[in-house]
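1. Sequence first, then the predicted structure, then my questions.
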Amino acid sequence: MAGQQATGLTRLVNACYFSAAGFKATWQHEEAFRQEVVLLGISTPLAIWLGETTVETLLLIGSVVLLLLAELVNSAIEAVVDRIGLERHELSKRAKDIGSAAVALTMVWAIIVWTFLLLT
């Protein structure tokens, strides 16, 4: 946050609180994030069961974690754009569309990883 003077361990503890608040806000306000957390909850045991090596298991789980990461960034972009104003504007639309494209690309990547590793 602007003007924060915390350093060292205090800064780290504050960062943990801010991150927890971010997860909580995203969980409360973004249905897609909740759905993807459920997907992670289902896919993690599957990945552990289906992955033949540690690397395969990590790739399977990591592809879904990457999807959550993209959703968090997309949600942050949407929140900032909505904070600026709710009227239609080409740049606002572009920012939201680009964030959505990042989520879509990450979802496609997760599908590719799962398909490739399960079929080989």
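-> It's in. Residues are numbered from 1 along each chain as shown.
2. Now do the helices for this protein: every range, in order, please.
-> Here the chain has its helices, by DSSP state H, at 8-29, 31-50, 54-84, 90-119.
3. Now do Ile61 against Ile111, distance only.
-> Taking C-beta to C-beta, to the nearest Å as the measure, Ile61 falls 15 Å from Ile111. Yep, even glycine has a C-beta here, placed from its N, CA and C like the rest.
4. which stretches of the protein have low pLDDT?
-> Applying pLDDT under 70 to the chain picks out residues 1-3.
5. repeat that for 50
-> Of all residues in the chain, none has pLDDT under 50.
6. circling back: out of the helices of the chain, which is the most enclosed?
-> Mean neighbours per residue, mean count of other C-beta atoms under 10 Å, is largest over the helices of the chain for helix 54-84, with a mean of 17.
7. quick check: angle from it to helix 8-29?
-> Following axes from the mean of the first three to the mean of the last three C-alpha atoms, to 10 degrees, one obtains 80 degrees for the angle between helix 54-84 and helix 8-29.
8. quick one, what contacts Thr106?
-> By C-beta atoms under 8 Å, 6 or more residues apart in numbering, the contact list for Thr106 reads Leu66, Leu67, Leu69, Ala70.
9. Which residue, other than its chain neighbours, is closest to the third one?
-> For Leu69, ignoring the flanking residues on the chain, the nearest one in space by C-beta to C-beta, 6 or more residues apart in numbering is Thr106 at 7.6 Å.
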